[in-house]
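Student: What shape does this take:
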Amino acid sequence: MLSSIEDYRESKDTFRELKISDHAMKQILDFTKNKTNSFNKETIDIITFNMLMNNYSINNNSRLLFQLNDINGISYLKNSEVYRDVYEKYNTIFKDIRYFPVPKDLTGEADVTYENSWKRPRTYGGNRIHEGTDIMASNNKAGYFPVISVSDGVVEQKGWLEQGGYRIGIRSESGAYFYYAHLASYNEELEKGDVVTAGTNLGFMGNTGYSKVVGTTGKFDVHLHFGIYLDDNGKEMSVNPYWVLKYLEDYKLYFNKNTQ
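Tutor: I've put the predicted structure just below:
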């Protein structure tokens, strides 16, 4: 267990992995009698405590502890700087998420897949690491899959980025920045500063980017790059979206391409 802020700072990379399985998340939500995809204070407390006790990794075989007030030393832990900081970060990540960012195709003609590609090497623009999850379209067709907001929030960024192509960024009510990149097109009704609700269409999945020339396509397969960023004492910090997406698998909206 991490007991000091020094230990916590040294473990930031481990924290950023965000390793909490969907099965463990369901156990926690079941215990708090919170069957919907929303997170209350008790839920976040249990996530925080168990992640600290298990070195930021909860899998399907982890022994989860639920009765926080009965655990020896919990009062000390909950009053510590480490606990408060980690609690706020988990609250920021999880409190506002509602839906998987790509709806399911009712026609069954295509689907999406993704894997844990966190920190895999990327070379465009120089050597760097992948700070997100790529959600791939099985039909590799730009403009086919809609992309929706996973949360309520405000449109903070919209426009072209050399690496991200057409991208849009939504700041949630709790402060998480959700980043949607490589879009084929936007929801033209949305502008910076607009308020959106979870499930709002942001645009369509594409393969734009990897160029300074606005509108460049075809440098890679069609996919959505989905990223999550937090404020960490005034600095931007990315966290691994893979585990969030695994949880949101049970909360997909639907679309029918034949009726669009």
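
Student: And the strands in the stretch 51-200 of the chain?
Tutor: For the stretch 51-200 of the chain, the strands defined by DSSP state E, counting those that start in this stretch cover 57-58, 104-105, 112-113, 121-122, 128-129, 133-137, 146-148, 153-161, 165-172, 177-186, 195-196.

Student: Tabulate the ones you listed (JSON lines), appending mean neighbour count.
Tutor: Bear in mind the C-beta positions are built from the backbone N, C-alpha and C, glycine included. Compiled in JSON lines, those are given as follows (neighbours: other C-beta atoms under 10 Å):
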{"stretch": "strand 57-58", "mean neighbour count": "19"}
{"stretch": "strand 104-105", "mean neighbour count": "18"}
{"stretch": "strand 112-113", "mean neighbour count": "16"}
{"stretch": "strand 121-122", "mean neighbour count": "12"}
{"stretch": "strand 128-129", "mean neighbour count": "12"}
{"stretch": "strand 133-137", "mean neighbour count": "21"}
{"stretch": "strand 146-148", "mean neighbour count": "23"}
{"stretch": "strand 153-161", "mean neighbour count": "17"}
{"stretch": "strand 165-172", "mean neighbour count": "23"}
{"stretch": "strand 177-186", "mean neighbour count": "23"}
{"stretch": "strand 195-196", "mean neighbour count": "16"}
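
Student: can you tell which of those is closest to residue 210?
Tutor: Closest of those to residue 210 is strand 165-172, at 7.4 Å (criterion: C-beta to C-beta).

Student: of the strands of the stretch 51-200 of the chain, which approaches residue 11 most closely?
Tutor: strand 57-58 (10.9 Å).

Student: Describe which strands the closest one pairs with in its sheet and in which direction.
Tutor: Paired strands of strand 57-58, with direction, are strand 19-20 (parallel) (DSSP bridges).

Student: Run the chain-centre distance for the partner strand.
Tutor: On the basis of C-alpha atoms, centre = their mean, to the nearest Å, strand 19-20 sits 12 Å off its chain's mean C-alpha point.

Student: Could I get the buried residue list for stretch 241-254?
Tutor: 241-248, 253 (16 or more other C-beta atoms under 10 Å).

Student: same thing with stretch 221-228?
Tutor: For stretch 221-228, by 16+ other C-beta under 10 Å, it's 222-228.

Student: do the same with stretch 139-150
Tutor: Of all the residues in stretch 139-150, those buried under the rule 16+ other C-beta under 10 Å are 141-142, 144-150.

Student: which residue sits closest to residue 57, ignoring its sequence neighbours?
Tutor: residue 19 (4.2 Å; C-beta to C-beta, 6 or more residues apart in numbering).
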